[in-house]
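Engineer: Here you go, sequence then predicted model.
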4 protein chains.
Amino acid sequence: MNNHSYFLIFLVVNIMNRDKPKYMQIIEAAVIAIAENGYHQTQISKIAKQAGVADGTIYLYFKNKEDILISLFKEKMRVFIENLEEIIQTGANASDKLSKMIDNHFSVLANNKHLATVTQLELRQSNKELRLKINAILKEYLNLLDNILVEGMMNGEFNPTMDVRVARQMVFGTIDETITSWVMNDFRYSLLDNAPKVKHLLLNGLKNN
Amino acid sequence: MNNHSYFLIFLVVNIMNRDKPKYMQIIEAAVIAIAENGYHQTQISKIAKQAGVADGTIYLYFKNKEDILISLFKEKMRVFIENLEEIIQTGANASDKLSKMIDNHFSVLANNKHLATVTQLELRQSNKELRLKINAILKEYLNLLDNILVEGMMNGEFNPTMDVRVARQMVFGTIDETITSWVMNDFRYSLLDNAPKVKHLLLNGLKNN
Amino acid sequence: MNNHSYFLIFLVVNIMNRDKPKYMQIIEAAVIAIAENGYHQTQISKIAKQAGVADGTIYLYFKNKEDILISLFKEKMRVFIENLEEIIQTGANASDKLSKMIDNHFSVLANNKHLATVTQLELRQSNKELRLKINAILKEYLNLLDNILVEGMMNGEFNPTMDVRVARQMVFGTIDETITSWVMNDFRYSLLDNAPKVKHLLLNGLKNN
Amino acid sequence: MNNHSYFLIFLVVNIMNRDKPKYMQIIEAAVIAIAENGYHQTQISKIAKQAGVADGTIYLYFKNKEDILISLFKEKMRVFIENLEEIIQTGANASDKLSKMIDNHFSVLANNKHLATVTQLELRQSNKELRLKINAILKEYLNLLDNILVEGMMNGEFNPTMDVRVARQMVFGTIDETITSWVMNDFRYSLLDNAPKVKHLLLNGLKNN
DNA sequence: CATGAATGAGGATTCATTCAT
DNA sequence: CATGAATGAATCCTCATTCAT
C-alpha cells in the first residue's frame, strides 16, 4: 500500500519589478542624479552611468524617462506609507497621531536630502498629466491624514465643524511649504527644529475651542 | 557778443518696458498660451502668434524664454502687491488685515484662471535657479505677511512666542495648497467658498490662547 | 478734372515650395546623397551638408525624412510627365507614341544616373505605406501609357482584345526591369542600346496579328 | 602481437542547416512575421516569438537579421527551382515550357500570399549589397528562363535575332510587375486569371514572325 | 544547444535664439 | 523697431547582437 503523500505545490509568484535588483538600483541612481542635476538636466545616460548599467538597460525596467520619476516616487511613497501606518497605530489619539505623522515626514526627508530635493523640487517640474499621476500616488498619504482628522473631529480633539478637505490642505500645505523652503535654502538650517513649531501651530488651528 | 544762453537739458527718462505696449501685449499672450498649453509645450512661436508679433520681436523685450516667465510673474505680482498694500491699510487690526489679504489672494486668482494655472502649476516647472528668482519676487509679498504677523504678535492678537517664519510658511503654504488643489481639480468647485474656512483655521492656529 | 485711372491689382500668388530656391536645392542634394549612400545610410545631416544648409532648415521645407523621398519623386515625375506629354503629342500613332515614350524614359535616366539609382533602388526601400504614395504619383505616368494602349487597340495597331492592365504591366514591368538591371550592373553597358530591342519586343507583343 | 585492426573513419557529414528542425521553423516564422509587419518593423524578437524560440537561438542558425532574409529566399527558391525543373521537362517545346513556368510562378505565389508579400515587397527593402545577393540567388531561375528562350530561338519558335537578356528582362519584368501589382492591391483580384493574358502577350512578343 | 538579460551605438527631430533685411 | 528664415545643439529610445549561465 502506498503511504506516501505527494504534494504538488504550484507557487504562483508575482515577481514584481522591485524584486529585481536592477530596478531599485536604477531608482536609487535616479534619486541621486536628479537631485544633483535637476530633472531636465539629467539625461538617461547620466542615470545609467550612476546606476552602473547601460542606457538600454533602463528601458528593460522603465517605459520612459517620465516613468522613472513616477516609479521613483511610487516606490519611496510605498515604503513611507508602510512605516507611517505602523507609527500611527502607536498614537494615543488623533493629536498624537498627527504629531507622529509630522515627525516622521520631517525626519525621513531630513535624513535623505537627495530624496527631499527630488520630491520638493524636481517632481514638480512636470506637466499637468504627470502631476495628476503624482497626486494619485499621494492620495494614500492624504487619506491617512484625513482619517486622523476625522478621528479627532469625532472624539472632540479637533473642531468638529471644520471642512476636512481644507483642514487637510492646511496640514499638508504647511508641511510641504516648510520642507520646500528648507530645500530651497540649501538645508542651511535644521528641518527637525521646525517640527515642534509646525505641530504646535497646526494643532492649535485644528483644535476644538 | 553772444547774449544767448544755451541750456542743455538731459532728461534721463527711464522708459520702462511696461510702458511699451508690446511688452504687456506679449506678457498677456504668454499667460494665455502657457495656461492653455503648459510651459514646456509653449514655444516662443506660439506666444508670438498669440501676441500678434513676430518671433524675433519677443527678443526685443525679453532676454529669453525664461525671462518671459519671470517678467510675467514680476509684472502680475507688482500689481497684486500694489492693490494689496492699499487693502491692508484698511484693516482694523492684524487679524482683519490677514483676512483681507487672504480674500484678495483668492479673489484675484478666482477671477483669472489663466493666471492661476500659470502661477500654481507652470511657474514651478522650472529649475532651481528660476525658482530662486521667483522666490525673490515673492519676497515682497511674504514681507507684507510677516509684517501683519508681527503686528498681531505685538498687539496680543497672535501668539507672541511663535516663530514668524514658520507661521508665515503655514499661512502661505495653506493658501498655496488650497489654490493649487483647486487648479488641479480644473476649477470644478468655488475657490471663494473656501476662503472663510481657510481664514478660520489659520487665525485659530495663530491666535494667542 | 481727374483723368487718371487707378488700377489696383491684387495678384494672389500661390508661392509653391518649388519656387523657393532652397526647396529644389535640398531635393537635388538628396538625389546625390541618397544615390551615393543609399536611403537608410543617408542621414539628414548628410543631405543638409550636401545642400549647404543647416539640418533644421530641411524641416522648414519637408515634414520628415520620408517626405524628402516622396517630394523628390513627385518633383522629378512632374517634370518628366510634362516633357513626356509634349513628346507624345508628336507621335504619329500609338506605336510611335509608345516608342517615343520608351525612348524618353530610357534617355532621361541614362542621362541622370543618380536619379536612376534613386528611382530604381532606393525608392523601393520603403514600407508599403510609402510604396502606395509612390504608386499614386506614378499613376499619371501609367495613365498616359494606358491612353496610348487604348488608342492603339481602337485604331487596329494593337490587339484589341488584350487586357489593358496586363498590357500596361508588361510595358512598365519590362522597362522597369531593364533599367533596374542596368543600375544593378553599375551602368556598365549602354542603356540606350537596349531601347530598340525593348521597343521591338514590346510592340511585337502588343501588335494586332 | 597486435592483431587488431584500427580503422579510423572520417565521416565528413555536412549537416545542413535545413536538416535541423529549428532552421526551417525560424524561416517559416520569419515569412509570417515579415509579411505581416514589414521587414523593418519585424524585430528579431518578433521572429523568435513567432518561432517559439529565444532571441539568442536565432543566432545559432543565422549570422544576422539580413541572413534570415537571404536564407529565407534561398530556401524558398531552392524548392521553387526543384519543382520548376521537373515541370519544365514535361513541356513539349519552348513555348510550352515558358507557359508552364509562368503558370507555376503565378500559382506558387497565389497559394502563398505571405511569401508573395515577402518576395515582392519586403525583400526589396534592402540595400544594394543585399539586392546583389538576392540577384545571385535569382540567377538560377533566370538561367532556366534563358535556356527556354534559347531553345525557342534555335528551333524557330522565338525570334532568333532577339537579345536574350532583353527578352529575359521582358519576361521576368512582366511577371514581377504583374505579381507586385496584385500584392500592392491587397490580393483583391485573382492572380491566376491574369496568367493566360500574360502568357499570350509575352509569347506574342517573343515569337518568330 | 538554448536562453534572455544586458548592451550601447546611432539619428531624426525640435525649437530657442540670431541677424540680415 | 520689426521681421521670420535660418541655425545647430542636444537627447531619448530602439533593437540587433552578445555571452554568461
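Structural biologist: Okay, I see it.
Engineer: wait, isn't A:I148 in contact with A:I87?
Structural biologist: No - look at A:I148 against A:I87 with C-beta atoms under 8 Å: they stay out of range, at 11.6 Å. Bear in mind the C-beta positions are built from the backbone N, C-alpha and C, glycine included.
Engineer: Need the overlap of contacts for those two.
Structural biologist: A:M101 (C-beta atoms under 8 Å, 6 or more residues apart in numbering or on different chains).
Engineer: Pick out whichever of these two has more residues nearby.
Structural biologist: A:I148 (26 against 14; other C-beta atoms under 10 Å in any protein chain shown).
Engineer: Can you read off the pLDDT for that one?
Structural biologist: In this model, A:I148 is scored at 97, pLDDT.
Engineer: how about it, what does it touch?
Structural biologist: A:I88, A:A94, A:K97, A:L98, A:M101.
Engineer: Next, the buried residues of stretch A:184-197.
Structural biologist: Across stretch A:184-197, burial judged by 16 or more other C-beta atoms under 10 Å in any protein chain shown covers A:M184, A:L191, A:N194, A:A195, A:K197.
Engineer: now, which of those residues sits nearest chain D?
Structural biologist: A:M184 (46.2 Å; C-beta to the nearest C-beta).
Engineer: picking up where we left off before, could you export the buried residues of stretch A:184-197 as CSV, including secondary structure, distance to DNA strand F and pLDDT?
Structural biologist: Shown next, in CSV, are the buried residues of stretch A:184-197 (DSSP: H, G, I helix; E, B strand; the rest coil; distance: C-beta to the nearest atom of the strand, whole Å; pLDDT from 0 to 100):
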residue, secondary structure, distance to DNA strand F, pLDDT
A:M184, helix, 24, 94
A:L191, coil, 31, 97
A:N194, helix, 35, 95
A:A195, helix, 37, 96
A:K197, helix, 40, 96
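Engineer: between these, which is nearest A:V171?
Structural biologist: Relative to A:V171, the closest of those is A:A195; by C-beta to C-beta it sits at 13.1 Å.
Engineer: Looks like that closest one contacts A:N104 (just checking).
Structural biologist: No - using C-beta under 8 Å, A:A195 is not in contact with A:N104; the gap is 9.8 Å.
Engineer: Extract the residue ranges of chain A that are flagged as low pLDDT.
Structural biologist: A:1-19 (pLDDT under 70).
Engineer: which residues in it form helices?
Structural biologist: Per DSSP state H, chain A carries helices over the ranges A:21-37, A:44-51, A:55-61, A:65-89, A:94-110, A:113-120, A:128-154, A:164-184, A:194-206.
Engineer: State which one residue of chain A is found closest to chain D.
Structural biologist: A:L60 (12.4 Å).
Engineer: Any idea how many residues pack against the spatially closest residue to A:K97 that is not a sequence neighbour?
Structural biologist: Leaving aside its sequence neighbours, A:K97 sits nearest to A:G91 (C-beta to C-beta, 6 or more residues apart in numbering or on different chains; 3.3 Å). Using other C-beta under 10 Å, the number of residues around A:G91 comes to 16.
Engineer: roughly how far apart are A:G91 and chain C?
Structural biologist: When distance is defined by C-beta to the nearest C-beta, to the nearest Å, A:G91 is 60 Å away from chain C.
Engineer: out of everything not next to it in sequence, what's closest to the residue nearest in space to the middle of chain A?
Structural biologist: Among the residues of chain A, the one closest to the centroid is A:M77, at 3.2 Å (C-alpha atoms, centre = their mean). Of all residues not flanking A:M77 in the chain, A:I137 sits nearest, at 5.4 Å (C-beta to C-beta, 6+ apart).
Engineer: Next: A:M153.
Structural biologist: Nearest to A:M153 is A:P160, by C-beta to C-beta, 6+ apart, at 4.6 Å.
Engineer: I figured A:N204 hits B:G205, correct?
Structural biologist: Yes - contact status for A:N204 versus B:G205: in contact at 4.8 Å, counting by C-beta under 8 Å.
Engineer: Show me which of these two is the more surrounded one.
Structural biologist: When A:N204 and B:G205 are compared for neighbours, B:G205 comes out ahead with 24 against 19, by other C-beta under 10 Å.
Engineer: what residues are up against that one?
Structural biologist: So B:G205 contacts A:M170, A:L201, A:L202, A:N204, A:G205, A:L206, B:M170 (C-beta under 8 Å, 6+ apart).
Engineer: For the residue nearest to the centre of chain A, give its distance to chain C.
Structural biologist: When A:M77 is compared with chain C (using C-beta to the nearest C-beta), they lie 40 Å apart.
Engineer: I'd like to know how far the closest residue to A:G173 other than its chain neighbours sits from DNA strand F.
Structural biologist: Once flanking residues are discounted, A:G173 sits nearest to B:E177: 2.8 Å by C-beta to C-beta, 6+ apart. Using C-beta to the nearest atom of the strand, to the nearest Å, B:E177 is found at 30 Å from DNA strand F.
Engineer: B:E177 reaches A:I175, doesn't it?
Structural biologist: No - B:E177 lies out of contact with A:I175 (C-beta under 8 Å); the separation is 9.4 Å.
Engineer: Provide the count of other residues in contact range of the nearest residue to A:I70 once chain neighbours are set aside.
Structural biologist: Once flanking residues are discounted, A:I70 sits nearest to A:K133: 5.5 Å by C-beta to C-beta, 6+ apart. Residues near A:K133, counting by other C-beta under 10 Å, number 17.
Engineer: possible to save the contacts of A:I148 as a markdown table with neighbour count and distance to B:I32?
Structural biologist: Formatted as a markdown table, those follow (neighbours: other C-beta atoms under 10 Å in any protein chain shown; distance: C-beta to C-beta, whole Å):
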| residue | neighbour count | distance to B:I32 |
| --- | --- | --- |
| A:I88 | 18 | 45 |
| A:A94 | 22 | 45 |
| A:K97 | 24 | 45 |
| A:L98 | 24 | 41 |
| A:M101 | 21 | 40 |
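Engineer: For A:L149, give me its contacts.
Structural biologist: A:A94, A:L98, A:F158, A:V164, A:A167, A:R168, A:V171, A:L206.
Engineer: which of those residues count as buried?
Structural biologist: A:A94, A:L98, A:F158, A:A167, A:R168, A:V171, A:L206.
Engineer: Against DNA strand E, how distant is the second one?
Structural biologist: Distance from A:L98 to DNA strand E, counting by C-beta to the nearest atom of the strand: 43 Å.
Engineer: Let's have the buried ones among the contacts of A:L149 in CSV, adding distance to D:A29.
Structural biologist: As requested, those are exported to CSV (distance: C-beta to C-beta, whole Å):
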residue, distance to D:A29
A:A94, 64
A:L98, 62
A:F158, 67
A:A167, 62
A:R168, 57
A:V171, 59
A:L206, 66
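Engineer: Could you let me know which of those ends up closest to C:N64?
Structural biologist: Using C-beta to C-beta, the buried ones among the contacts of A:L149 come closest to C:N64 at A:R168, 48.7 Å.
Engineer: Hmm, A:L145 and the closest one touching each other?
Structural biologist: Yes - between A:R168 and A:L145 there is a contact under C-beta under 8 Å: 5.4 Å.
Engineer: so what's A:I134 up against?
Structural biologist: A:I70, A:F73, A:L123, A:S126.
Engineer: And for A:N93?
Structural biologist: Applying C-beta under 8 Å, 6+ apart, the residues near A:N93 are A:E151, A:G152, A:N155, A:E157.
Engineer: Just read off the phi/psi values of the third one.
Structural biologist: So the one you mean is A:N155. Backbone torsions of A:N155, given as degrees, to the nearest 10, read phi -100, psi 10.
Engineer: I'd say it and A:A94 touch.
Structural biologist: Yes - if you go by C-beta under 8 Å, A:N155 and A:A94 touch, sitting 6.6 Å apart.
Engineer: before we move on, the earlier item: excluding sequence neighbours, find me the nearest residue to the residue of chain A closest to chain D.
Structural biologist: Per C-beta to C-beta, 6+ apart, closest to A:L60 is A:K22, 7.6 Å.
Engineer: Also A:K65?
Structural biologist: A:K65 sits nearest to A:I44 (C-beta to C-beta, 6+ apart), 6.0 Å away.
Engineer: Let me see the contact set for that neighbour.
Structural biologist: A:D55, A:I58, A:K65.
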